[in-house]
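Q: Let's see this in three dimensions:
(chains A and B)
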Amino acid sequence: MFRVYLKELLELTRDRKTLIFTILLPTLIMPVIMFGFAAVTVKIANKAVTEELKYAIIGQQYYPGLVDEIKKDDSMQLVDIPEDKSAKQYIENNEIRFALEIEESAADKLDNKEPVNIKMLYNDSLATSELIYQRVNKALKDYKQNFILQRYEQLGLTESQGKGLNEPFTIVKESTANERESLGEKIGGLLPYILIIIGLSGAMYPAIDLGVGEKERGTLETLLLTPVSRFSIVFAKFLVIFTTSFVSIFLTLLSFALISLTTGDLMASFFPDPVFTEKTEQLITTLSGISLLDIFLMFLMLVPIAAIFASILLSVSIYARTFKEAQNYMSPILLVIIFPLIISLLPGVKLDWFWASVPITNISLAIKEIFKGTIDFDMLIVIFVSTTIIAGALLALCNWWFQREQVLFRS
Amino acid sequence: MLIVKNLMKRFRLDGKTVKENRKKNRNALDPREDGIWFNAVRDVSFSCGAGQVLGLIGPNGAGKTTSLRMLSTALQATSGQIMINGEDVIAEPLAMRKRIGFLSGTTSLYHRLTVRENVEYFGRLHGMNEADLQVEINNIFNMLDIHSFADKKADSLSTGMKQRANIARTVIHRPEVIVLDEPTTGLDVIAAKSILDFIESYKGGDVPLIFSTHHLHEVEKLCDKVVLIDQGVTRFDGDVNDFRQISGNSSLYDSFLKLVSDKEVKNV
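A: Take a look at the predicted model:
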């Protein structure tokens, strides 16, 4: 059996497609996704914060004080828009990034100590729109604060009394979840999704190659003529597919672990003075908080999943008459596997005893919990054992399938 | 000595065919079908002694390949007996595989391995020790003139080279019976000659060799015995000269055609 296993592995390593799907893709995909995401976000944020913002003010005459104040900001350039043109059009044509529209009654309202409405026109669909809004507010922050203080003074109030007048009480949010748990809840589902899909794609090509591929090339029958039991042959093939699936997952997790350990340093070396968005900072903090034990537990949860994939894909591959037929069967299998994965991504679906009994969904949710650092170890053991039993049953089924002449010599 | 007795193999027809057969008159069915089962091999018997070369002939779909596949243990016989030197192949297929060398159009080499790696792999799977294996490889590679392409990957070889390498794979474990299913099909004259020379080298040796073919001149040139199968039944089992006499002249072709066209008379 071991000899068959080694030979199959040797053959696979000589195949370029297998190397791409099982080694190159999983090794690169996590760095590209995680580091790429952070790097691109930082780069965009840096640009949004430092670039010169062109803007327009409509109704400048209604509130000259505010206009003078915003003009003081050198990082922004005021553009005049002819009266017959609309600011919206200028924004759509990227000639300006935003426009402030001051209401006509601004002066009266100021006199009556009523709030003045200033409309900010900007393209909210741009990734950096929030940063533009922050820059405008920042430019006017001191002006606004001084204005408020002047008014408090006119009313004979201290700053604190003024604030109390404005907001008699405030509710301060304080989450019991730490940053890792909070971010894990939001994006933790993505990791098992990627890992499981990688495990599946790592198994798919070798499964087709070792089953129907051998049938088509005529090497399966040659192998069946050797004094090696059919169970040993099917088990060796299962192990090879399991190995490739597992290697794919392992490489993905390894690159993920390396990213977790080095993201901070890497980001610092690429962006010495970065402007991190809140989410990027949270991501970096979360990744840095994932321990090797967490990585090991994720790895452990994926072992039976890889075995399930190997059994199912080998059974299908052995059944198919041709490579093409096998590929046709793979699409519905992919859907059947992705469906429980998508369920695990739905809001409100959390790891409880019900979801712990749903194959694949349970593994996905368990990995998410590990990512969040909130895993219930009793549940983890139950999920691992139940998934391993399913994998064993599927392997037995695959073996039974492989013994049938109608399947092996199907024509 | 190889003895094949009353060999039978049936396959279950697929659901669609069974449904269609239900609508048909029983007389309209293929004589090998009974509505649910297809009897690919109904009654095949022959024997082949050590040093004999047996030519298995018959029209397409006669049941030759199915019979040989049962002989090789790839397929399990529904009933009947296959004995090699007194031991039952059907009862002990796993153990008997070490004693059979089988080659057909559906038994190929691993194309990402070199010829040497292929032959070594199958030798090891047959339980050969390393020293014996290397000696045997050297002998067979000499005999089949393989050394010049021994370290080339199988997928880079010509059809003739592949077939020679495949024969090396077939006999590397020194089988007690050699079975070749249409070994010269698709080969050019030179490649076919090298295969036929190889078959001839077994004449008078201590191993029975059976090969199926559609080329009656190969039977005429090489075979001590000839077996004709048609519609899953042995129509003839005897020596080549007796086969010749069937048509009353010296032509194997005429005898072949006479036996095949007489099938309805002799149908079992």
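Q: Okay, now the unreliable bits of the stretch 1-150 of chain B?
A: The stretch 1-150 of chain B contains residues with pLDDT under 70 at B:26-29.
Q: With the stretch 151-300 of chain A instead?
A: Using pLDDT under 70, the stretch 151-300 of chain A drops low at A:175-179, A:186, A:260-288.
Q: Run through the residues of it sitting next to chain B.
A: Selection of the stretch 151-300 of chain A residues close to chain B by C-beta under 8 Å from any C-beta of the partner chain yields A:Arg217, A:Gly218, A:Thr219, A:Glu221, A:Thr222, A:Leu223, A:Leu224, A:Leu225, A:Thr226, A:Pro227, A:Val228, A:Ser229. The way it works is simple: take the backbone N, C-alpha and C, and place the C-beta from them, glycine included.
Q: Now, of the residues you listed, which are buried?
A: For those, a neighbour count by 16 or more other C-beta atoms under 10 Å in any protein chain shown gives the buried set as A:Arg217, A:Gly218, A:Thr219, A:Glu221, A:Thr222, A:Leu223, A:Leu224, A:Leu225, A:Thr226, A:Pro227, A:Val228.
Q: So which of those residues sit within helices?
A: Using DSSP state H, the members of these that fall within helices are A:Arg217, A:Thr219, A:Glu221, A:Thr222, A:Leu223, A:Leu224.
Q: Any part of the helix or strand where B:Ala95 lies near chain A?
A: Using DSSP states H and E, B:Ala95 falls within helix B:93-96. Yes - interface with chain A: helix B:93-96 contributes B:Leu94, B:Ala95 (C-beta under 8 Å from any C-beta).
Q: ok, whatever helix or strand comes next after that helix: who's next to it in the sheet?
A: Where DSSP H and E defines the elements, the next helix or strand beyond helix B:93-96 is strand B:100-103. Strand B:100-103 has its sheet partners listed here by DSSP bridges as strand B:177-181 (parallel).
Q: quick one: average confidence on the helix or strand just after the strand it pairs with?
A: Using DSSP H and E, the next helix or strand after strand B:177-181 towards the C-terminus is helix B:189-200. Throughout helix B:189-200, pLDDT has a mean value of 87.
Q: Would you mark the buried spots in helix B:189-200?
A: B:Ala191, B:Ala192, B:Ser194, B:Ile195, B:Leu196, B:Phe198, B:Ile199.
Q: Same question for stretch A:144-152.
A: A:Tyr152.
Q: about what we covered before: adding distance to A:Gln89, write the buried ones among the residues of the stretch 151-300 of chain A next to chain B out as JSON lines.
A: Listed next are these as JSON lines, based on distance: C-beta to C-beta, whole Å:
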{"residue": "A:Arg217", "distance to A:Gln89": "64"}
{"residue": "A:Gly218", "distance to A:Gln89": "69"}
{"residue": "A:Thr219", "distance to A:Gln89": "68"}
{"residue": "A:Glu221", "distance to A:Gln89": "72"}
{"residue": "A:Thr222", "distance to A:Gln89": "73"}
{"residue": "A:Leu223", "distance to A:Gln89": "71"}
{"residue": "A:Leu224", "distance to A:Gln89": "74"}
{"residue": "A:Leu225", "distance to A:Gln89": "78"}
{"residue": "A:Thr226", "distance to A:Gln89": "77"}
{"residue": "A:Pro227", "distance to A:Gln89": "82"}
{"residue": "A:Val228", "distance to A:Gln89": "76"}
